[in-house]
Every structure is written in C-alpha cells, then in structure tokens.
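Asker: Provided below for reference: sequence and predicted model.
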Amino acid sequence: EAQVTQNPRYLITVTGKKLTVTCSQNMNHEYMSWYRQDPGLGLRQIYYSMNVEVTDKGDVPEGYKVSRKEKRNFPLILESPSPNQTSLYFCASRGYGGPQHFGDGTRLSIL
Amino acid sequence: GENVEQHPSTLSVQEGDSAVIKCTYSDSASNYFPWYKQELGKRPQLIIDIRSNVGEKKDQRIAVTLNKTAKHFSLHITETQPEDSAVYFCAATEGSLFSGGYNKLIFGAGTRLAVHP
C-alpha cells in the first residue's frame, strides 16, 4: 500500500529536549515536505526536499532542521524545542508533476 | 511569493444544498491548484485538482473552476451530504508545476463546512 508514515503520532516533551520526527514514504517520490498546521493558519511549509541531499527552506523554517540522506526518509529535527513549536505536523511526498500525499500527522506538545 | 486567500472561513448548509468555496492567488506563474479535504483528526486528502490549461474540472458531485485572468478558483459541491462535513483547503503552487515540479505549495487558511441533515 502506497503511504507516507510518520512517527511518533503524539509526543509531549519539554523545552530544550532535542527530538526527531521521522517520515518515510514507499512510493519512490522525489519530493518531500514538512508542514505545520495551526488553527486559522492553514498548512505552512517548514522545509522541502527535491531529492537526496537537496533541501530548502519553506515559509517557517526557524527552529527546525531536516536531512535527506535516503530517498525514502525525510526526518524533521527540533534541536531545542520551544512552546511555540507546539503544533500538528504533516509530512508529505509526491512524484514529479503528481499530487501530494500526506502522512497521518504528528501532534507535538512542548511544555 | 505566492499568497492564497480562502473564503468563507466557515460555511453551514442544509443537506442537499450546494456549497461554494472561493480562493484567490497572487502568483501569475502558478499553474496547479489542488483542493484537500481534512476530516477531524485526519490527514488532508486530495479531492480534486486543476491545472491552468483548463477552466473547469468535474468529478461526480465536486467541481473546480479556474479563472486565470482574475486569479481565482472555486470549489463547488452539489447535493451536499453530512459526510461532506470537514475542513477544505485550497492551494496554489509558487511558480510553475513544471519548472522542476512545484517546490512550494501555498495553502489557504481553510473553510470549515458543516452539512446539517
């Protein structure tokens, strides 16, 4: 089954404790993205990747890092999380010229 | 960069009525406009999309229209049913879909549609 898998689905943590949200897709897609979703703001892109070792900033990259060492994986790293990063996060992938597929989301709470 | 505005933010209709959600965009180079439906607690799912070389696309009870000159596109849902209740997002590419594919997909803020039996 074609899918985008994120882990964990839920996480409560504390300010300053490094965390990583993993994302994996099994569709051999070139493009992957991370979004955060906040009430009234829609989906805002954090980072995107066009292929292995090629990444670029989206609209709200501050406080986040990503890496793309393998085509299927695109982890999101919060080196020093802060409460304003409490949000619902979605990973997405797509092939060239194709529609975007979203993962099931990760709800992060940073206290 | 691209800016996408979506209206209304909430929409309440009776079952069987039609619902229309409108979006405007700012980047004249945008050429791909998807619509996503997000049910409570779930991921956004693509319901229909349109490319700039067509003015209208229909899939059963759902249709999307695009006016490139005015830079707006709309989602039309006919014969609404309670299961259509969800948040709907429009989006537009920042730049062309085919300049290496779109790198940035800019979303509207969403419309919460409630269909009452």
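Answerer: Received, thanks.
Asker: only C-alpha atoms for contact and neighbour calcs from this point on.
Answerer: Fine.
Asker: residues in chain A within reach of chain B, list them.
Answerer: A:31, A:40-45, A:48, A:50, A:58, A:90, A:96-97, A:99-105 (Cα under 8 Å from any Cα of the partner chain).
Asker: again, only this time at 7 Å
Answerer: Counting by Cα under 7 Å from any Cα of the partner chain, the residues of chain A close to chain B are A:40-43, A:96-97, A:102-105.
Asker: which one of those is nearest residue B:76?
Answerer: residue A:42 (19.9 Å; Cα to Cα).
Asker: what about the closest one, how many residues close to it?
Answerer: Residue A:42: 22 surrounding residues under other Cα atoms under 10 Å in any protein chain shown.
Asker: does it touch residue B:111 like I think?
Answerer: No - using Cα atoms under 7 Å, residue A:42 makes no contact with residue B:111, being 9.5 Å away.
Asker: which one is the residue of chain B found nearest chain A nearest to, not counting chain neighbours?
Answerer: Scanning chain B for the residue nearest chain A gives residue B:109, at 4.0 Å (criterion: Cα to the nearest Cα). Leaving aside its chain neighbours, residue B:109 sits nearest to residue A:42 (4.0 Å; criterion: Cα to Cα, 6 or more residues apart in numbering or on different chains).
Asker: list the contacts of the one you found.
Answerer: The contact partners of residue A:42, taken as Cα atoms under 7 Å, 6 or more residues apart in numbering or on different chains, are B:107-110.
Asker: bridged to it, which residues?
Answerer: Beta bridges link residue A:42 to residue A:38, judged by DSSP bridges.
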